[in-house]
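Novice: output the structure for:
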Amino acid sequence: MIDESRFRLFYDRTARPLQAYLMRVTRDRQLADDVFQESYLRVLQSGQEDLDDAKLKSYLFTAATNILRDQWRRRRMKARWEDEPVEGPGEPRHHDGMDFRLALEKSLEGLPPQQRSLLWLAYVEGYRHREIASILGLGEKSVRVLLFRAKKKLAAILTLTGLKAEYYEK
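Specialist: Numbering: from 1, shown residues only. As a prediction, the model looks like this:
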């Protein structure tokens with residue numbers, strides 16, 4: 001088991017990025033908080049104390065992603081059972097003079113959770129394709145293709161909101 005002082009340092013370095021990732025992907029404070037707590041619990045129970053901090057962080061994000069997948073599967077199963085539709089990502093919203101960051105945040109809501117995860121892990125957390133593949137349980141080559149598609153879809157949504165391509169295509 002990870003000793004208390006190492007865990008505190010690890011938690012201090014990873015709590016904000018993990019919370020931001022979960023909020024961006026789920027858009028649900030309660031679900032994000034539940035997954036956040038369960039993720040750290042899994043790290044503590046994992047017996048992975050011999051991993052360096054970068055690998056332990058990757059393990060944390062993998063655990064969080066797997067917990068989210070399980071939650072979404074349960075939600076879909078429950079919705080089928082109760083014959084109620086499961087809420088999906090919101091429709092892209094048009095903007096009038098809103099800044100790029102706000103337009104981007106609104107546009108991300110129009111992407112499926114996996115695409116939000118891919119973009120977040122690649123461009124916010126700075127993970128390499130191999131690491132993203134490990135976290136999300138995908139093939140490394142698949143990550144390249146899926147990231148390409150996610151960027152194209154995000155660009156299309158941003159265009160629908162009225163943003164000019166010069167703001168986001170670099």
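Novice: ranking helices and strands of the protein by mean pLDDT, which lands last?
Specialist: Least confident element among the helices and strands of the chain, by mean pLDDT, DSSP states H and E: helix 100-108 (a mean of 73).
Novice: list the contacts of F61.
Specialist: F61 makes contacts with 18, 21, 121, 125, 127, 135, as judged by CB atoms under 8 Å, 6 or more residues apart in numbering. C-beta: built from backbone N, CA, C; applies to glycine.
Novice: in the chain, what spans have low per-residue confidence?
Specialist: By pLDDT under 70, the low-scoring segments of the chain are 1, 75-101, 163-170.
Novice: in CSV: the contacts of F61, plus secondary structure, distance to K152 and neighbour count.
Specialist: Formatted as CSV, the contacts of F61 follow (DSSP: H, G, I helix; E, B strand; the rest coil; distance: CB to CB, whole Å; neighbours: other CB atoms under 10 Å):
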residue, secondary structure, distance to K152, neighbour count
L18, helix, 27, 21
Y21, helix, 22, 25
L121, helix, 18, 24
E125, coil, 21, 17
Y127, coil, 20, 22
I135, helix, 22, 24
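Novice: no further questions, thank you.
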